[in-house]
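Peer 1: let's see this in three dimensions:
(2 chains)
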Amino acid sequence: MSSILIKNAELLDPSEELDMDGHLAVRDGLIVYVGADLEEAAAQAGPDAVVVDARGRMATAGLIDMHVHLREPGNEAVETIASGAMAAVAGGFSSVACMPNTDPPVDDEAAVIFQQREAHRAGLANVFPVGAITAGRKGEELAEMTQMAKAGAVAFSDDGDAVPNAGLLRRALSYAKMAGKPVLEHCEDNSLKGEGVMDEGFMSTMLGLKGIPDECEEVIVARDVAMSRLTGGHIHIQHVSTANSVEIIRMAKREGSRVTAEVTPHHLTLTCEAVKDYDPVFKVNPPLRAERDIKALRRGLRDGTIDAIASDHAPHLEEAKELEFAQAPSGMIGLETTLGVVSTTLIHENGFTWAEIIPLLTSKPSDILGLGRGRLKVGLPGDITVIDPDLEWTVDAETFHSKSRNCPFNGWSLRGRAVMTVVGGKVMFDLEGKFGPCQALR
Amino acid sequence: MLWTRKHLLGLQELSAGEITFILERADSFKEVCTRPNKKVPALVGRTIVNMFFENSTRTNLSFQLAARRLSADVLMFSKTGTSVAKGETMVDTARNIEAMGVDVMVLRHGSSGAPWKLAKNVSCAVVNAGDGQHEHPTQALLDLYTIREVRGGIAGLTVGIVGDIAHSRVARSNIWGLTKLGARVMVVGPTTLIPREIEKMGVEVCHDMDLALRECDVLNMLRIQFERQGGGNPFPSIREYKHMFGLTRERLKKGKPDLTIMHPGPVNRGIELSPEVADGSQSVILRQVGNGLAVRMAVLQLVAGVE
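Peer 2: Model prediction:
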């Protein structure tokens, strides 16, 4: 039952210059037809295909979130690979790349295989493990990158921390290049971060909370693009948060360096003003910045400086987020809100088009990680997301499939939502509850 | 005017009228404190708990004594270290104590914002006795009270707050209170201890102690909070700091002859203040401590809602 016919959809894949009303067929897990001929599509899908009428809706390649934390192994009370994968498909994501800062960290072949096995057992979304850059994520010695790559790791990252010095990063980039994988960097200089818990500026001064200056990120971004230039390795800047970081990346791209970058929905929409009531749900690394940074990040999306939108889905226990602001852990969940927040704030409210946004969630992250998906193209894996671009809904974290509730967008009224997520030709999420194992809980 | 607030959390959220109201209320309690019988029956039958999650001697004692002079029953709870380590959150602890029947919680906590969190989670009144690097409203109120008493008013004065502004809740509460009551405020200290964009709070920034001495009518000297520095020493040596910002008898001569010297305590003698200045005729440090009692009696009576 891995065949499906999606008919009467607006097919959108800007990477293939596809924008038409038509039909999609998936058979035996692969896309077998994309086009306007319904009879041909039905024939390709075969007689036992699930048939979905997507009139008035948009069908895109299955969305890819290249930055999530699934907390397994080690923190299964917060999230598991299965619960995270369910949250993914419920948010329209057929694929996620999970960061290795688990407990213990994913820093060898066995850990990569374990995560893949758990993902396979859950059988919901494609889960692509990212391996650690350094053994134990300690920032001292390189981890066994080529072994992890052979086992299926798609990239390397010490996410949560930057590689502590340029010499080590140079070796990591050079070595990862041999493994054919990108290095994903969490850009914060710990000597500038100190005990900082929010953006540094008037708000942190007034609230009496220790600040993290913009430059804490920018010095690492600048160092990283220099090391990419030196080694020819592919550096990917995670969760860009400041205007000057965007400018540094723009310059590096102009010089032809192998630099890519992602931005989160929260950095695109929220400022440090959100911290004013000391609610730790708004505590995140890098911290929420200022209005001018939001503007620069959006400009960066528009001109191609930023390549991907990723949630940095970071689940935490409710108890932990009930601590005082300085003691509470950093991070917010986003798998089930990313599409709605982006659709509402960028497309409906700020004039972005779906054609601008969809590649940031499909083909571009696929290319960065070398996933060979993210396109509506015959022969590729049958991952498809059906989106209702005008569906109005209200975020209620209590209904989430994620085990955690630390969502900064709780209560927001959004417009636009994934109504169906197909992974390898199987319906894994259906908002209307007709197909698939995973339904909306409301 | 009527007091309508349930809690006293910070001076940022109070109006000039509310601040003045508290100071005027403190006048009557100051008189009480001079009587042989220093006790009044204002809060008979009420229970006040001091919840101190951070070490404190004078604030704790001052609140206890204030509560006792109002005839309230006083409970003491103190626990240092973060709640994470001990397994019970502050809110859990507070709810348990509240269940015993408490009217006012006086909270000292090492984390900025903690009293706001507490106020959202309990139904009794909350008084902030200092949160992290954020606010210490009763300290600022007693500072305002003392300035008003010594100088006859606050509007039009130039007040310098000297030292570790970055880590000081006393500085922040004083800035809100002083600016609301019409004083000109200078924050004085090394560049590394002045937080970003503090000018937006309505103050002038100064790195020259001699200039501050020439301009100011009142200097509030803060302690360097060595325990809160985190990211490394903010200045090369104590010797150099003393040289730059310490107030000695010699340097005092550069100031106005009627300059008032204040300090929230505890004094690092020989660093920010030389002993002869701390104990000298221009120092009102012990008056501040005495006034603290009257101010805290006023605050407790107001939030306990007893008129």
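Peer 1: what does the stretch 251-400 of chain A have sitting close to chain B?
Peer 2: Contacts of the stretch 251-400 of chain A with chain B, taken as C-beta under 8 Å from any C-beta of the partner chain, map to A:Asp277, A:Tyr278, A:Glu319, A:Glu322, A:Leu323, A:Glu324, A:Phe325, A:Ala326, A:Gln327. From N, CA and C alone the C-beta is placed, and that goes for glycine too.
Peer 1: could you check the pLDDT of the residue nearest the centre of chain B?
Peer 2: Nearest residue to the geometric centre of chain B (C-alpha atoms, centre = their mean): B:Gln139, 1.9 Å. Listed pLDDT for B:Gln139 reads 98.
Peer 1: domain parsing for chain B?
Peer 2: According to automatic domain parsing, chain B comprises the domains B:16-135+B:291-303, B:137-288.
Peer 1: of these, which shows the lowest average pLDDT?
Peer 2: Note on the domains of chain B: lowest mean pLDDT is at domain B:16-135+B:291-303, with a mean of 92.
Peer 1: SS state for B:Ala42?
Peer 2: Here B:Ala42 is recorded as coil under DSSP: H, G, I helix; E, B strand; the rest coil.
Peer 1: these two touch, right, it and B:Ser71?
Peer 2: Yes: counting by C-beta atoms under 8 Å, B:Ala42 touches B:Ser71, with 6.6 Å between them.
Peer 1: between these two, which one's more packed in?
Peer 2: Taking other C-beta atoms under 10 Å in any protein chain shown, B:Ala42 and B:Ser71 do not tie; B:Ala42 has more neighbours (18 against 14).
Peer 1: against B:Gly290, how distant is the more buried one?
Peer 2: 19 Å (C-beta to C-beta, to the nearest Å).
Peer 1: next one: B:Thr138
Peer 2: B:Thr138 sits at a distance of 14 Å from B:Gly290 (criterion: C-beta to C-beta).
Peer 1: who has more neighbours out of these two?
Peer 2: Just comparing B:Thr138 and B:Gly290: by other C-beta under 10 Å the higher neighbour count belongs to B:Thr138, 27 against 15.
Peer 1: who are the packing partners of the helix or strand hosting the more buried one?
Peer 2: Under the criterion of DSSP states H and E, B:Thr138 resides in helix B:137-151. Judged by 3 or more C-beta pairs under 8 Å, 6 or more residues apart in numbering or on different chains; DSSP states H and E, the packing partners of helix B:137-151 are helix B:16-32, helix B:58-69, strand B:125-131, helix B:169-180, strand B:218-221, strand B:260-262, helix B:285-303.
Peer 1: need the ones you listed in a markdown table with distance to chain A, can you?
Peer 2: A markdown table is the format used below for these (distance: least, C-beta to the nearest C-beta, whole Å):
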| stretch | distance to chain A |
| --- | --- |
| helix B:16-32 | 18 |
| helix B:58-69 | 17 |
| strand B:125-131 | 7 |
| helix B:169-180 | 6 |
| strand B:218-221 | 17 |
| strand B:260-262 | 21 |
| helix B:285-303 | 20 |
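Peer 1: thought A:Cys187 was touching A:Ile235?
Peer 2: No: at 9.8 Å, A:Cys187 and A:Ile235 do not qualify as touching, with contact defined as C-beta under 8 Å.
Peer 1: hmm, back to that, so who does the residue nearest to the centre of chain B touch?
Peer 2: Contact analysis of B:Gln139 by C-beta atoms under 8 Å, 6 or more residues apart in numbering or on different chains lists B:Thr59, B:Gly130, B:Arg169, B:Val170, B:Ser173, B:Asn174, B:Pro264, B:Gly292.
Peer 1: distance of the second one relative to B:His109?
Peer 2: Read it as B:Gly130. 8 Å.
Peer 1: same question for the last one.
Peer 2: B:Gly292 sits 19 Å away from B:His109 when distances are taken as C-beta to C-beta.
Peer 1: tell me which of these two has more neighbours.
Peer 2: Taking neighbours as other C-beta under 10 Å, B:Gly292 and B:His109 compare with B:Gly292 leading, 27 against 23.
Peer 1: unless I'm mixing things up, that one is touching B:Leu142, no?
Peer 2: Yes: with contact defined as C-beta under 8 Å, B:Gly292 reaches B:Leu142; the gap is 4.2 Å.
Peer 1: A:Leu38: neighbouring residues, count only.
Peer 2: 15.
Peer 1: give the contact list for it.
Peer 2: Shown in contact with A:Leu38 (C-beta under 8 Å, 6+ apart): A:Lys7, A:His23.
Peer 1: and the pLDDT for it?
Peer 2: 97.
Peer 1: before we move on, what about A:Met1?
Peer 2: A:Met1 carries a pLDDT value of 56.
Peer 1: same question, A:Leu301
Peer 2: pLDDT, A:Leu301: 97.
Peer 1: moving C-terminal from the helix or strand hosting it, which element do we reach first?
Peer 2: According to DSSP H and E, A:Leu301 maps onto helix A:291-302. The first helix or strand that comes after helix A:291-302 along the chain, using DSSP H and E, is strand A:308-309.
Peer 1: OK, contacts around A:Leu414?
Peer 2: Counted by C-beta under 8 Å, 6+ apart, A:Leu414 has contacts A:Thr337, A:Gly340, A:Val341, A:Ser343, A:Thr344, A:Glu392, A:Trp393, A:Thr394, A:Val395.
Peer 1: tell me which of these fall in strands.
Peer 2: Counting by DSSP state E, the part of the contacts of A:Leu414 found in strands is A:Glu392, A:Trp393, A:Thr394.
Peer 1: read off the pLDDT value for the last one.
Peer 2: Right, the one you point to is A:Thr394. According to the prediction, A:Thr394 has pLDDT 98.
Peer 1: give me the number of residues near it?
Peer 2: A count of neighbours around A:Thr394, defined by other C-beta under 10 Å, yields 12.
Peer 1: would you check that it makes contact with A:Arg415?
Peer 2: No: look at A:Thr394 against A:Arg415 with C-beta under 8 Å: they stay out of range, at 10.6 Å.
Peer 1: who in the stretch 151-300 of chain B is up against chain A?
Peer 2: When proximity is defined as C-beta under 8 Å from any C-beta, the stretch 151-300 of chain B approaches chain A at B:Arg169, B:Arg172, B:Pro195, B:Arg196, B:Glu197, B:Ile198, B:Lys200, B:Met201, B:Gly230, B:Gly231.
Peer 1: thinking again about what came up before, buried ones in the helix holding A:Leu301?
Peer 2: Residues of helix A:291-302 classed as buried by neighbour count (16 or more other C-beta atoms under 10 Å in any protein chain shown): A:Asp293, A:Ile294, A:Ala296, A:Leu297, A:Arg298, A:Gly300, A:Leu301.
Peer 1: and of those, the nearest to chain B?
Peer 2: Lowest distance from chain B to the buried residues of helix A:291-302 (C-beta to the nearest C-beta) belongs to A:Asp293, with 15.4 Å.
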